[in-house]
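Colleague: When you get a sec, could you give me coordinates for this:
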Amino acid sequence: MQVDSPEFPSHDDDDVERPSKTQLKRDMAALQKLGEEMLSLPESRWEPLALPEILSDALKAAKKITNFEGRRRQMQYVGKLMRKVDPEPIREAVAAFKLGHAQDALKLHQAEHWRARLLSDDNALQAFIDAHVEVDIQQLRSLVRAARKDASGAPEKRNGRAYRELFQFIKASEVSEVGDDV
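Modeller: Residues are numbered from 1 along each chain as shown. Modelled structure (predicted):
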């Protein structure tokens with residue numbers, strides 16, 4: 001029995017170069033993997049993609065399935081439905097979401113790095129002030145002084161409040177500097 005479909009065209013047009021069966025399987029697996037990556041997106045990010053309702057429902061169902069085999073079969077179904085949509089906007093949305101998380105993590109690491117430098121090095125205070133011109137210098141010095149004082153105390157008497165407040169202050173300064181650059 002011969003099936004005429006976009007995935008498996010008939011053998012009548014042999015002069016046309018068409019993908020091999022292996023390549024078709026790779027393409028289908030890539031679409032299924034893209035569907036799995038879509039599950040990492042919040043559902044609010046699906047709306048601008050204008051997904052067909054059946055695909056959206058299948059993704060919502062896949063999020064709820066905990067059984068391994070059931071989830072695997074549901075993802076195969078999602079992969080099948082993905083063949084009917086343009087995958088490029090979906091790839092872009094997934095990539096943008098992942099990039100946003102990576103940038104957020106980088107900002108937190110930078111804030112942690114600044115906090116460590118400020119607590120260990122007196123010259124770091126001036127470097128931070130130079131890098132963040134809009135910062136409240138008096139509040140920054142007060143937070144650094146309080147965090148250093150807290151860190152110098154006995155471990156059982158530390159409360160860590162100044163340490164956390166310094167981090168929050170640095171994080172807010174980093175965000176405001178990024179917002180000014182845009």
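Colleague: Please read off the pLDDT at the residue nearest the centre of the chain from the model.
Modeller: In the chain, the C-alpha nearest the mean C-alpha coordinate belongs to Lys98, at 2.8 Å (Cα atoms, centre = their mean). With respect to pLDDT, Lys98 scores 79.
Colleague: Name the helix or strand for it, please.
Modeller: Using DSSP states H and E, Lys98 sits in helix 87-120.
Colleague: packing partners for that helix?
Modeller: Applying 3 or more Cβ pairs under 8 Å, 6 or more residues apart in numbering; DSSP states H and E, one finds that helix 87-120 makes contact with helix 21-38, helix 123-131, helix 137-152, helix 161-181. C-beta: built from backbone N, CA, C; applies to glycine.
Colleague: Mind checking these for the one nearest to Ala50?
Modeller: Closest approach to Ala50 among these is made by helix 21-38 (13.5 Å; Cβ to Cβ).
Colleague: Flag the shaky bits of this structure, pLDDT-wise.
Modeller: By pLDDT under 70, the low-scoring segments of the chain are 1-15, 154-158, 175-182.
Colleague: now do 50
Modeller: 179-182 (pLDDT under 50).
Colleague: What residues does the nearest residue to the residue nearest to the centre of the chain once chain neighbours are set aside make contact with?
Modeller: Counting by Cβ to Cβ, 6 or more residues apart in numbering, Lys98 lies nearest to Ser40, which is 8.0 Å off, once chain neighbours are set aside. Residues near Ser40 by Cβ atoms under 8 Å, 6 or more residues apart in numbering: Val94, Phe97, Lys98.
Colleague: which ones are touching the first one?
Modeller: Spelled out, that is Val94. Counting by Cβ under 8 Å, 6+ apart, Val94 has contacts Leu34, Glu37, Met38, Ser40, Leu41.
Colleague: quick one, phi/psi of Asp121?
Modeller: Per-residue torsions, Asp121: phi -130, psi 130 (degrees, to the nearest 10).
Colleague: quick one on the thing from earlier: what would the helices and strands packed on helix 87-120 look like in TSV with mean neighbour count and distance to Arg115?
Modeller: Shown next, in TSV, are the helices and strands packed on helix 87-120 (neighbours: other Cβ atoms under 10 Å; distance: least, Cβ to Cβ, whole Å):
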stretch	mean neighbour count	distance to Arg115
helix 21-38	15	34
helix 123-131	13	10
helix 137-152	15	8
helix 161-181	15	5
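Colleague: Which of those sits closest to Arg71?
Modeller: Closest of the helices and strands packed on helix 87-120 to Arg71 is helix 21-38, at 9.5 Å (criterion: Cβ to Cβ).
Colleague: Does anything pack onto that closest one? Which helices or strands?
Modeller: Packed next to helix 21-38, using 3+ Cβ pairs under 8 Å, 6+ apart, are helix 53-64, helix 68-82, helix 87-120.
Colleague: residue contacts, Leu108?
Modeller: Leu108 neighbours (Cβ under 8 Å, 6+ apart): Lys171.
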